[in-house]
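Chemist: Output the structure for:
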Amino acid sequence: MSGSAPSRKLRGMPPAATPIVVTVVVSARQSGGAYALLDVRAAGDTALDPHVVRQEDLLLYVLTGDLVVVLDGRRYALAAGDLLALPRRVPRALRLSSGTRALCLVTPAGVERLASLAADPAVTADDRLALLAAADVQMLPRSLWRADAAA
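Modeler: Down below sits the predicted model:
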């Protein structure tokens, strides 16, 4: 992580209200399955509920805007130029401010196949959960946002 510090305590987080636009820059096919590179943009203030990704490590690099990441109960405020590693099997949740853009390196590749579908507002909540479960992503209770975090 570069230039980041734990953020102030949040008092709850709404579910995603607007879509996140995900563009696959480098796919599993292009990298031989080693990694995928995603361009992630928030069309408005957006929250990704607490979850655990079981098979992939992610590396976030913020290009513009800002976001808050709760990683294993600790909150980080990220701004343009900041980098944060999100290891697999570690609980996390995110909140992106409107206009935020980040690059997301995913290793190994694979989950990017579902990224656009999971963010599509036309996909029902049940279908979204089924897609995430198929990608071995476990959703967690939203109470994670209200837990006290180490400062």
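Chemist: Test my guess that residue 40 contacts residue 20.
Modeler: Yes - under the criterion of C-beta atoms under 8 Å, residue 40 makes contact with residue 20 at 6.1 Å. Glycine gets a C-beta too; all of them are placed from N, C-alpha and C.
Chemist: anything in contact with each of the two?
Modeler: Residues touching both residue 40 and residue 20 (C-beta atoms under 8 Å, 6 or more residues apart in numbering): residue 96.
Chemist: Which helix in this protein has the most residues?
Modeler: Counting by DSSP state H, the longest helix found in the chain is helix 125-134.
Chemist: Buried residues, it. List them.
Modeler: Neighbour counts over helix 125-134 (16 or more other C-beta atoms under 10 Å) mark 128, 131-132 as buried.
Chemist: and that helix, what other elements does it pack with?
Modeler: With contacts defined as 3 or more C-beta pairs under 8 Å, 6 or more residues apart in numbering; DSSP states H and E, the packing partners of helix 125-134 are helix 112-119, strand 137-139.
Chemist: Could you rerun that using 6 Å?
Modeler: Here helix 125-134 touches helix 112-119, going by 3 or more C-beta pairs under 6 Å, 6 or more residues apart in numbering; DSSP states H and E.
Chemist: Sketch out the low-pLDDT regions of this structure for me.
Modeler: Along the chain, the model assigns pLDDT under 70 to residues 1-19, 116-120, 144-151.
Chemist: Show me the strands in it, by range?
Modeler: 5-6, 20-26, 36-42, 46-53, 57-64, 66-71, 74-79, 83-86, 92-96, 101-107, 137-139 (DSSP state E).
Chemist: which one of those is the most hemmed in?
Modeler: Here the criterion is mean neighbour count by mean count of other C-beta atoms under 10 Å, and of the strands of the chain the winner is strand 92-96, at a mean of 23.
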